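Student: No sequence on hand, only this structure:
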DNA sequence: AGCGTCTCTTGACAATTATCAAGTGCTCGA
DNA sequence: TCGAGCACTTGATAATTGTCAAGAGACGCT
C-alpha cells in the first residue's frame, strides 16, 4: 500500500479517531490487491473473513435468491463495505463483485473484532458507521414500499444530480441495466420510465441526464429528507 | 417501574452486560408510561428524545410519504426500538404507534449517549444491536426485491409458524390489514394471495393458519437463511 | 337488541410491471 | 474492416398488482 493510500484509509470516519497503535496493527495484518472487473470478491452465505476497503474502482453489492439477482448498492472509494457481518462474525448477506479494475484492502475480520474490543474510539466509529448503514437501508425500504417505479426513478435522478454537483445536466454514472435492478425494475421498464419522465422536463441521452425544469420534476418526485438524504 | 419490570429491562441484551452503576443511572432518568391503543408515540422527522423499551403490549413502526403509509415492523416485548436515531442523535425515520394497551419505558436519548460514551460493555451491546437491526432490514429488502407477493406471504407464514412453535396450525397474530402493508401489498391482494396458497396445502380461517403439507409449501416458498432467519 | 363501524372478502376493472421478441447501435477484438 | 456480443430500446402481450364498489361478518357501544 502506498503512503497516500495508507492515509486515505486512515482518513475514513471508521479509522480516523482510533489509536495509532491499533491502526498500525490493523494495517500490518492487511492485504492490498488489484482486481480486474467482474470478479466476485465475496459470496453471500460465506463467513466474513475480511472487512473490505475500496481504494479505487467500484464494487457492486448484490443478492440472489431462486436464480434471481438484485443490485443492492454500489460502493465507491474510499469506503468500507460489509461492516455488520464482520463485527457480528456472521455470514455475508450480500455478494460483492468489482464493476471495474479496483484496488481493495482486505482487513482480517478477526483483527477488526480484536481491536474493536480494545479501542474505544474505534468501537464508537463502528457504531456510527452501523447506524448510518442501518438508516440508509431503512430509507431504501421506504423508497421501495412507498413509491412507484416512476417516482423512484425521479428521486434517484434528483439524488444523483445533487451528488454530481447540482448542475442541470449530469451523468448517470451507472449502467442502466444495473440502475434498473437497483431501483427494483426491469431494464425494459427503466427505458419506459425514462420516457415517462419527459413530460416533467427530464431528458436522458445515453448516460447524460438533463433536468430542463427543476421545479417540475421536484413537484412530481416530492423528495423527502427522510428517504432521500443519505447523509443523516 | 416494578422490580420484575426492572429485571426485564436489565435482561435485554442491550443492557445485560453494562455496569450496574450505569444501568442505575439510566433507570433513574427514565419514565414508565401506560399508553392506550392507537397512540402515536413518535413521529418520523422529529428529533429522537427517547430510546423506547416496550414492556407489555405491542407497537407498530410505520412510515409515510405523500399520503401513503406502510408498515415497517411490529415490536413486541421485551425489546427496544429506534436505537439508531438515538445514538446518531438524528431524527426518527419511522413513526411508532401502540397497537394495544402498552407499557413503555422512556430513556432520555442524551442519557443513553452519555453512558454509551463511558460504558464499554454498553457500547459493545449497541454495536451488536445495530448490526442485528441492519442485517434484518437487508433481509427484508431482499425479500421485497427478489420475491413476488405470493412468495413473500408463503415465507412469512413459514417464519410465523416457526416463531409460534412449529406446529402445523398456528395463529397469524397480526391483523391482515397490517400484514398486507408489511408484506408490501394491499389487503385485497393479501386475501387473494391466501387463496393462491391453497394449492400448496395452506388454509387460513380467520387468523388460524394450517399448513397441511409442510414439504409442499416449503418447496414453493424456498425459504433461505439469508433472508428468513432473523436470528443471525 | 339494534346500530354503526370496521375488517375482510369478492368481483370487475384499471394500472402497473414483467416477459418475450425483435431491432438498433455501440464496442471490442480478430 | 468486419462481425460477434452486448446494452439498450421498442412493441406486443401476459402477469401481477392496485383500485373501486359492494357485501358479509365481527365487534363494540348505546
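Tutor: Everything's here; your move. Worth saying up front: this structure is predicted, and the values here are computed from it rather than measured. Residues are numbered from 1 along each chain as shown, chains lettered A, B, ... in the order given.

Student: hey, where'd the strands end up in chain A?
Tutor: According to DSSP state E, chain A carries its strands in the segments A:31-35, A:40-42, A:50-56, A:59-65, A:68-75, A:79-81, A:95-98, A:102-108, A:169-171, A:202-205, A:208-211.

Student: Would you tell me which helix is longest in chain A?
Tutor: With DSSP state H setting the assignment, residue counts place helix A:120-146 as the longest helix in chain A.

Student: near DNA strand D, anything from that helix?
Tutor: No. For helix A:120-146 and DNA strand D, the contact criterion (CB under 7 Å from any atom of the strand) is not met; the two come no nearer than 8.8 Å. Heads up, the C-betas are built off the backbone N, CA and C, glycines and all.

Student: Look up which residues are beta-bridged to the closest residue to residue A:34 other than its chain neighbours.
Tutor: Across the structure, with CB to CB, 6 or more residues apart in numbering or on different chains as the measure, the residue nearest residue A:34 apart from its sequence neighbours is residue A:103 (5.2 Å). In this structure, residue A:103 bridges to residue A:34, residue A:56 when assessed by DSSP bridges.

Student: still on that earlier bit, can you state the direction angle for the longest helix of chain A and strand B:59-65?
Tutor: What separates the directions of helix A:120-146 and strand B:59-65 is an angle of 70 degrees, with axes from the mean of the first three to the mean of the last three CA atoms, to 10 degrees.

Student: Check which residues of helix A:120-146 are buried.
Tutor: A:122-127, A:129-146 (16 or more other CB atoms under 10 Å in any protein chain shown).

Student: Distance of the residue of chain A positioned farthest from its centre relative to DNA strand C?
Tutor: Outermost residue of chain A with respect to the C-alpha centroid, by CA atoms, centre = their mean, is residue A:199; its distance is 30.3 Å. In this structure, residue A:199 and DNA strand C are separated by 13 Å, where distance is defined by CB to the nearest atom of the strand, to the nearest Å.

Student: Same check on residue A:39?
Tutor: With the distance defined as CB to the nearest atom of the strand, residue A:39 ends up 16 Å from DNA strand C.

Student: That residue contacts residue A:96, doesn't it?
Tutor: No. With contacts defined as CB atoms under 8 Å, residue A:39 does not count as touching residue A:96, sitting 9.3 Å away.

Student: And these two? Which one has more around it.
Tutor: residue A:96 (23 against 15; other CB atoms under 10 Å in any protein chain shown).

Student: hey, what's the more buried one bridged with?
Tutor: Applying DSSP bridges to residue A:96 gives these bridge partners: residue A:42, residue A:61.

Student: so where's chain A uncertain?
Tutor: Within chain A, no stretch falls below the threshold (pLDDT under 70).

Student: For DNA strand D, give me its nearest residue in chain A.
Tutor: Among all residues of chain A, residue A:177 sits closest to DNA strand D, at 3.0 Å; criterion: CB to the nearest atom of the strand.

Student: Tell me how far the nearest residue to that residue once chain neighbours are set aside lies from residue A:194.
Tutor: The shortest distance from residue A:177 to any non-neighbouring residue, by CB to CB, 6+ apart, is to residue A:187 (5.1 Å). When CB to CB, to the nearest Å is the yardstick, residue A:187 and residue A:194 sit 11 Å from each other.

Student: Between the two, which is the more surrounded one?
Tutor: Summary of the neighbour comparison: residue A:187 and residue A:194, criterion other CB under 10 Å, with residue A:194 having more neighbours (19 against 13).

Student: For beta bridges, what are the partners of the closest residue to that one other than its chain neighbours?
Tutor: Distances taken as CB to CB, 6+ apart put residue A:204 closest to residue A:194, at 4.9 Å, once the chain neighbours are dropped. For residue A:204, the beta-bridge partners under DSSP bridges are residue A:209.

Student: so what's residue A:31 closest to, chain neighbours aside?
Tutor: If you skip the residues right next to it in sequence, residue A:31 has residue A:106 as its closest partner in space, 4.4 Å away by CB to CB, 6+ apart.
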